[in-house]
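for reference, the sequence and a predicted model appear below.
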Amino acid sequence: MKFCFVLLLLVLLSGCGGIAKYDNDEPAAIVNGQEITVGDLRFLLPDKTALNYLDGAIRVELVKQEVKKMGLDISGHLDTDSDVFAVLPPADTEDPNSKQIREFVESQAKKFDMDPKEFQREYTRRLSEQNAYVLTYLEEKIGPYHFDNENQITDYNEESNQLLEELVEQNKEGIEVLIKYLN
């Protein structure tokens, strides 16, 4: 559930556009000296939507930097169940969701010259690590995520969004977007 929350949060914080014309190693943004490449974006989403994640990737990078500055340990939030998601669905699957995952993985693996099983494991590892950084940061700043009722969930999400916006604002001088949003 935590995994879905963070992924949804990042998607909601995103812009729009495509990156098909860019190479994987081209920088999309620099955040306090740390490059976010087109490949970093492309690894997680198809070309037509990968640029949607740039704002989210900037936020994740800022969170990662803050967690490291604060000396926090992310291991408590690393998803130990991620091995389940690291398994590529079989090629002959009939399940529509599994088919969609398989198609995505095969398409992306080609772009990175990777075996699909290897890509799926790395994809899962990257998402788990990003989620661990974000959850560790949010828990340190505003406490653990609350599932008690809809109002608490809404309030927590709003507070989380505000906190991430403030982090971006505090670091705006160190953020350089190098790739333009395409419509």
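Alright, I've got the coordinates.

check the offset of the top helix by length along the chain from the chain's centre.
Identified as the longest helix of the chain according to DSSP state H is helix 116-142. Centroid displacement of helix 116-142 relative to its chain, using C-alpha atoms, centre = their mean, to the nearest Å, is 7 Å.

any idea of the mean pLDDT for the following helix or strand past it?
Downstream of helix 116-142, the next assigned helix or strand under DSSP states H and E is helix 150-170. For helix 150-170, mean pLDDT rounds to 91.

what does stretch 107-124 give?
For stretch 107-124, mean pLDDT rounds to 93.

other residues contacting that stretch?
Residues from elsewhere that reach stretch 107-124 (C-beta atoms under 8 Å, 6 or more residues apart in numbering): 24, 39, 42-44, 46, 82-83, 85-88, 102, 105-106. For the C-beta atoms, the positions are set from N, CA and C on the backbone; glycine is no exception.

out of these, the closest to residue 130 would be?
residue 44 (8.7 Å; C-beta to C-beta).

how much space between the nearest residue to the closest one once chain neighbours are set aside and residue 115?
Distances taken as C-beta to C-beta, 6 or more residues apart in numbering place residue 53 nearest to residue 44, at 6.0 Å, with adjacent residues excluded. The gap separating residue 53 from residue 115 is 24 Å, by C-beta to C-beta, to the nearest Å.

more crowded one of the two?
residue 53 (24 against 11; other C-beta atoms under 10 Å).

so what pLDDT did the more buried one get?
With respect to pLDDT, residue 53 has a value of 88.

since that was my last question, I'll sign off now.
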